[in-house]
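> just to be clear, the model below is a prediction. Sequence and coordinates:
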Amino acid sequence: MEHEESSAKNNVETETEEKIKGKTVPVGIKIGSQRTVIAKENDTIIVETCIKERENPITGEKDYIIGNEAAELYGDEAVYMLRAGLPGTEDEAELLKIFLGRIASEYGIPENSYVTYGIPSTESEEGVQLFKKVVSQVPIGWAGKEVWNDSFLSALSLPEGLDILDETFVVVNAGSTTTDIVAVRKGEIVFSMVTGEVSGDLVDRWIKNEIMNETRGAVNVDLSTARSYKEKYANLKEWKSVQESVQLFEKGLYTFRIDEAINRPVERYLENLVDYIVLEFLPSLAEFNFKMYKKVLESDFILTGGMAEIPGLKEKFATLLSEKLGVSINVKCPENPLTASARGALLISKLRVEK
Ligand SMILES: Nc1ncnc2c1ncn2[C@@H]1O[C@H](COP(=O)(O)OP(=O)(O)OP(=O)(O)O)[C@@H](O)[C@H]1O
Ligand SMILES: [Mg+2]
């Protein structure tokens, strides 16, 4: 997948100036295929982007369990309606509407709010239209709403804040189903590419397989367990020996090492990530705009998205990327890469409210 676009912002109707004043609450919401992040002034909330429809056993009425509760109670039965990044069908749009309405009430987002949404880069104009329709139907953001590219928003959460708008930089957004890369010049996205070939989900699958191999087939964890091992133990800074025990049928308690089964896939991921940038993203950028390509090689790379939480990934990414390109690349990470885009979105909402 690849596309170019000229603006980090997707225009949605913004309501009148006078509504913006008063006690308007600024909010940033990043919609991810796996996790939605809500950033408020003093609070950042992370919610699984999933929903489970069910019938109330007593009244027979349809109701919905959403977010973390749905993930915990229903596991694989919960529907992740944005697996493709944005709603692809009216049904998915409807689920997203219910989801957003519920998180608004559960996490205290008032109607009188200014909401900036972060969404992934996409080729699907239909997805963007469906998303905007949903947003216009959710009873928040009465003072105004905006939709921006979430990779771009991540960059706004760096300590330099809005000053980054003067610079040229690349954002590498390492997510669960996709990796999204954008090249930005003076606040505008010049070029972007998205791939599903490098992703956190793939790492989870490799970890699951490695554990199977390591234990000669005795232990077969599900993907969400593999993911939680990754989130807990993946570490390229210092490899610590990690043991895990499971109760096996007819074998009793079985203990095995999992650090290699986790860190090897992460190293393979890193190689693939750097290869994608060096062999696909940069050559495509050079073809599209050679001046920008040359400029990018002198610019900072911002590594963000949940996978950037892995300790040591940033440093190894910088080393490997510099090695393969034969130039020294400076890599920066927002302080909390999993929630960075929501905080960038909050920054925009705050600006609008303070105006
Ligand atoms: N502390 C952590 N350590 C390792 N990996 C993590 C950590 N936190 C999150 N991740 C991984 O980051 C990925 C999620 O990142 P992110 O929230 O940026 O994705 P997303 O935006 O929902 O997905 P996509 O961009 O593909 O739509 C998952 O693979 C998750 O397991
Ligand atoms: Mg993402």
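Yep, that arrived. Ligands and ions are numbered 1, 2, ... in the order given.
> in a strand, Y276, correct?
No: using DSSP: H, G, I helix; E, B strand; the rest coil, the secondary structure at Y276 is helix, not a strand.
> residues from the stretch 151-300 of the chain in reach of ligand 2?
G175 (CB under 5 Å from the ion). Every residue, glycine included, has its C-beta placed from N, CA and C.
> would you pull up the residue in the stretch 151-300 of the chain closest to ligand 2?
G175 (3.4 Å; CB to the ion).
> return the distance of stretch 44-59 from the chain's centre.
Put simply, stretch 44-59 sits 21 Å off its chain's centre (CA atoms, centre = their mean, to the nearest Å).
> low-confidence stretches in the stretch 101-250 of the chain?
The model of the stretch 101-250 of the chain has no residue with pLDDT under 70.
> going along the chain, name the helices of it.
With DSSP state H, counting those that start in this stretch as the criterion, the stretch 101-250 of the chain has helices at 125-137, 150-156, 200-214, 223-233.
> is the first one in proximity to ligand 1?
No: with CB under 6 Å from any ligand atom as the threshold, helix 125-137 lies outside contact range of ligand 1, at a closest distance of 12.0 Å.
> the residue of the stretch 201-350 of the chain found nearest ligand 1: how many residues sit nearby?
In the stretch 201-350 of the chain, no residue comes nearer to ligand 1 than G306, which is 2.2 Å away by CB to the nearest ligand atom. Each residue near G306 was counted by other CB atoms under 10 Å, and the total is 23.
> relative to E231, how far out is the residue nearest to it when sequence neighbours are not counted?
Nearest residue to G306, sequence neighbours excluded (CB to CB, 6 or more residues apart in numbering): L338, at 4.5 Å. As for L338, its distance to E231 is 10 Å (criterion: CB to CB, to the nearest Å).
> do D300 as well
26 Å.
> relative to G67, how far out is the residue nearest to N235 when sequence neighbours are not counted?
Excluding its sequence neighbours, the residue lying closest to N235 (CB to CB, 6+ apart) is P311, at 4.8 Å. Between P311 and G67 the distance is 27 Å, computed by CB to CB.
> which residues does the closest residue to Y107 other than its chain neighbours contact?
Spatial nearest neighbour of Y107, chain neighbours left out: I45 (5.2 Å); criterion: CB to CB, 6+ apart. Shown in contact with I45 (CB atoms under 8 Å, 6 or more residues apart in numbering): 37-38, 107.
> re the thing from before, burial of the residue of the stretch 151-300 of the chain closest to ligand 2, as a residue count?
27.
> that one against L202, yeah?
No: between G175 and L202 no contact is recorded; they are 11.4 Å apart, counting by CB atoms under 8 Å.
> now the residue of the stretch 1-150 of the chain found nearest ligand 1: phi and psi?
Using CB to the nearest ligand atom, the single residue of the stretch 1-150 of the chain nearest to ligand 1 is G32, 2.4 Å away. Per-residue torsions, G32: phi -110, psi 160 (degrees, to the nearest 10).
> distance check, it against K295.
For G32, the distance to K295 - CB to CB - is 29 Å.
> and the two? Which one has more around it.
More crowded of G32 and K295, by other CB under 10 Å: G32, with 28 against 15.
> from what I see, that one and S176 are in contact.
Yes: the criterion here is CB under 8 Å, and G32 meets it with S176 at 7.1 Å.
> what touches both of L338 and E231?
Joint contacts of L338 and E231 (CB under 8 Å, 6+ apart) are E309.
> the two: who's more crowded?
Shown here are L338 and E231; by other CB under 10 Å, L338 has more neighbours (21 against 16).
> for the more buried one, give me its contacts.
Contacts of L338 (CB under 8 Å, 6+ apart): 35, 37, 46, 305-306, 308-309.
> which secondary structure state does it sit in?
coil.
> and it, how far is that from K133?
28 Å.
> same check on L95?
13 Å.
> between the two, who's got more neighbours?
Higher neighbour count among L95 and K133: L95, with 23 against 14, using other CB under 10 Å.
> who touches the more buried one in this structure?
Here L95 is in contact with 51, 79, 81, 87 (criterion: CB under 8 Å, 6+ apart).
> quick one: which of those is most hemmed in?
Using other CB under 10 Å as the neighbour criterion, P87 leads these with 25 neighbours.
> looking at this, that one is in a helix?
No: read with three-state DSSP, P87 is coil and lies in no helix.
> verify the stated contact: V274 with F317.
Yes: the pair formed by V274 and F317 meets the contact definition of CB under 8 Å, at 6.7 Å.
> all strands for the stretch 1-150 of the chain, in order.
With DSSP state E, counting those that start in this stretch as the definition, the stretch 1-150 of the chain shows strands at residue ranges 2-3, 9-10, 25-31, 35-40, 43-48, 51-55, 62-66, 113-119, 144-149.
> and those strands as TSV, adding distance to D259?
What follows is the strands of the stretch 1-150 of the chain, written out as TSV (distance: least, CB to CB, whole Å):
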stretch	distance to D259
strand 2-3	36
strand 9-10	42
strand 25-31	31
strand 35-40	25
strand 43-48	26
strand 51-55	34
strand 62-66	35
strand 113-119	34
strand 144-149	36
